[in-house]
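Chemist: Quick check, what structure comes out for this input:
(one chain, ligands or ions: 1)
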Amino acid sequence: MKITKIETFILHVPVTRGDIADSSHRITHWGAPGVAIHTDSGLVGYGYSGTHAHLPTDRLITDCIETSYGPLLLGQDPTEVRGLWQMLYETSEILWVGRASIPHLALGAIDVALWDLKAKATDQPLWKLLGGSAQKIKAYNTDAGWLNWPLDRLLSDCKRLVETEGYQAVKIKLGSDNPIADLKRVEATRQALGSDVRIMVDINGRWTLPQAIQYGSRLADFDVAWIEEPIRFDDVQGHRRLANTIQTPLALGEQLYSKDHFREFIHADAVHYVQPDVARLAGVTEWWQVAELAYCYCLPVVPHVGDMGQVHIHCCIAHPACDLLEFIPWLVPWMKYPVKIEDGYYQVPDAPGAGSEPSEEALTRMNKI
Ligand SMILES: [Mg+2]
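Modeler: The predicted model follows:
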């Protein structure tokens, strides 16, 4: 099988419940700039990144795919995924301009598309190609805890997720200008959901280290399962100091672009729940390396879902460090084989591929290219 054509797309889809915000971002749409890799077999592999649906920066990613990586891929055998990843990663002109951000996001979309092709070529879902055994993965839901929602909406939505939809874990956003009000949201959520539900909080990097020590230490009163991105994303030593100071475990990884970044945090004992993302790292290939690293340190891997879980469900089924996966529903209506959640568990996908193929309708109606 040979690669014959590289075609890019930029999907912008509305977030399910209107305009949503955390402490650092406010968005109305989710972006999926990505690539379709065509082959002489007729099979097509799809991969994409996850963005805030900002067309100028989405175009940086698709331009990088088309003009920097694309010519290197034509004529190659797409099933040699790891070899191609290494070749693309080490292309000196691209490496020179960055081992993170745009070139890495572009490489991630390509890598997912190659894994999608390889799984389709062997007529099996990716989790099986990766050596996994069919198992349902527990989901936690982030789509009820937005920071711009008043307390009554936060509580009614969290209760609906738990009592009606069967979730046993939810994440709520903190990091407003008023940390005392933030703590009251956590207390009210715990009271509304009872003691059996897992509650996680996400600061999205907003607190200073002193704030994180002061207010983060009070989260244990509400049995919070983890505090996510409590302080600035790259501050390894700050996270290490915080991890040694407060009882609540730390989670992070959605702003880390490479296995090297993860190694720094893990080696420094600065993270407890490791959150790699195939759409932020350079795809499944590098995600797997991070998961192996975490597993060697006996740390749980709970991915961030820039892909909205479509590819991650395959990775989680296959990797022993995973038993919990975030769920946000924004891409569900726009995928050919959307993930399914029942009673708070991701169902096992059975279609061949990585789950990364958008629907025909998405590629025509929602495509900004
Ligand atoms: Mg987060």
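Chemist: what about the residue lying closest to residue 329 once chain neighbours are set aside, which SS state?
Modeler: Residue nearest to residue 329 in three dimensions, not counting chain neighbours: residue 16, with 5.2 Å by CB to CB, 6 or more residues apart in numbering. C-beta here means a position set from N, CA and C on the backbone, and glycine is covered the same way. Under DSSP: H, G, I helix; E, B strand; the rest coil, residue 16 falls in the coil class.
Chemist: and residue 245, how far is that from the ion?
Modeler: For residue 245, the distance to the ion equals 21 Å [CB to the ion, to the nearest Å].
Chemist: wait, the residue nearest to residue 329 sits on residue 143?
Modeler: Yes. Residue 16 is within contact range of residue 143, at 6.6 Å (criterion: CB atoms under 8 Å).
Chemist: Identify the contacts common to these two.
Modeler: residue 329 (CB atoms under 8 Å, 6 or more residues apart in numbering).
Chemist: How are the strands of the stretch 101-250 of the chain distributed by residue range?
Modeler: With DSSP state E, counting those that start in this stretch as the criterion, the stretch 101-250 of the chain has strands at 137-141, 169-173, 198-202, 224-228, 250-252.
Chemist: and these as JSON lines, adding distance to residue 357?
Modeler: Below are the strands of the stretch 101-250 of the chain laid out as JSON lines (distance: least, CB to CB, whole Å):
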{"stretch": "strand 137-141", "distance to residue 357": "20"}
{"stretch": "strand 169-173", "distance to residue 357": "28"}
{"stretch": "strand 198-202", "distance to residue 357": "29"}
{"stretch": "strand 224-228", "distance to residue 357": "30"}
{"stretch": "strand 250-252", "distance to residue 357": "30"}
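Chemist: right, and these - which one's nearest residue 329?
Modeler: Nearest to residue 329 among those is strand 137-141; the distance by CB to CB comes to 8.6 Å.
Chemist: other SSEs contacting the closest one?
Modeler: With contacts taken as 3 or more CB pairs under 8 Å, 6 or more residues apart in numbering; DSSP states H and E, strand 137-141 sits against strand 169-173, helix 312-318, strand 324-327, strand 345-346.
Chemist: chain center to the next helix or strand after the third one: distance?
Modeler: It refers to strand 324-327. Per DSSP states H and E, strand 324-327 leads on to strand 341-342 as the next helix or strand towards the C-terminus. Relative to its parent chain, strand 341-342 has a centroid offset of 18 Å by CA atoms, centre = their mean, to the nearest Å.
Chemist: Quick check: residue 158 touching residue 192?
Modeler: Yes. Using CB under 8 Å, residue 158 makes contact with residue 192 at a distance of 6.4 Å.
Chemist: residue contacts, the residue of the chain found nearest the ion?
Modeler: With CB to the ion, the shortest gap between the chain and the ion falls at residue 202, namely 4.4 Å. Neighbour list for residue 202: 22, 142, 145, 171-175, 227-229 [criterion: CB under 8 Å, 6+ apart].
Chemist: related to what we said a few turns ago, of all the helices and strands packed on strand 137-141, which gets the most neighbours per residue?
Modeler: Greatest average neighbour count among these goes to helix 312-318 (a mean of 27), per mean count of other CB atoms under 10 Å.
Chemist: coming back round to it: so between residue 16 and residue 143, which is more surrounded?
Modeler: Comparing residue 16 with residue 143 by other CB atoms under 10 Å, the one with more neighbours is residue 143, at 18 against 14.
Chemist: The closest residue to that one other than its chain neighbours and residue 125, how far apart?
Modeler: Counting by CB to CB, 6+ apart, residue 143 lies nearest to residue 328, which is 5.3 Å off, once chain neighbours are set aside. For residue 328, the distance to residue 125 (CB to CB, to the nearest Å) stands at 21 Å.
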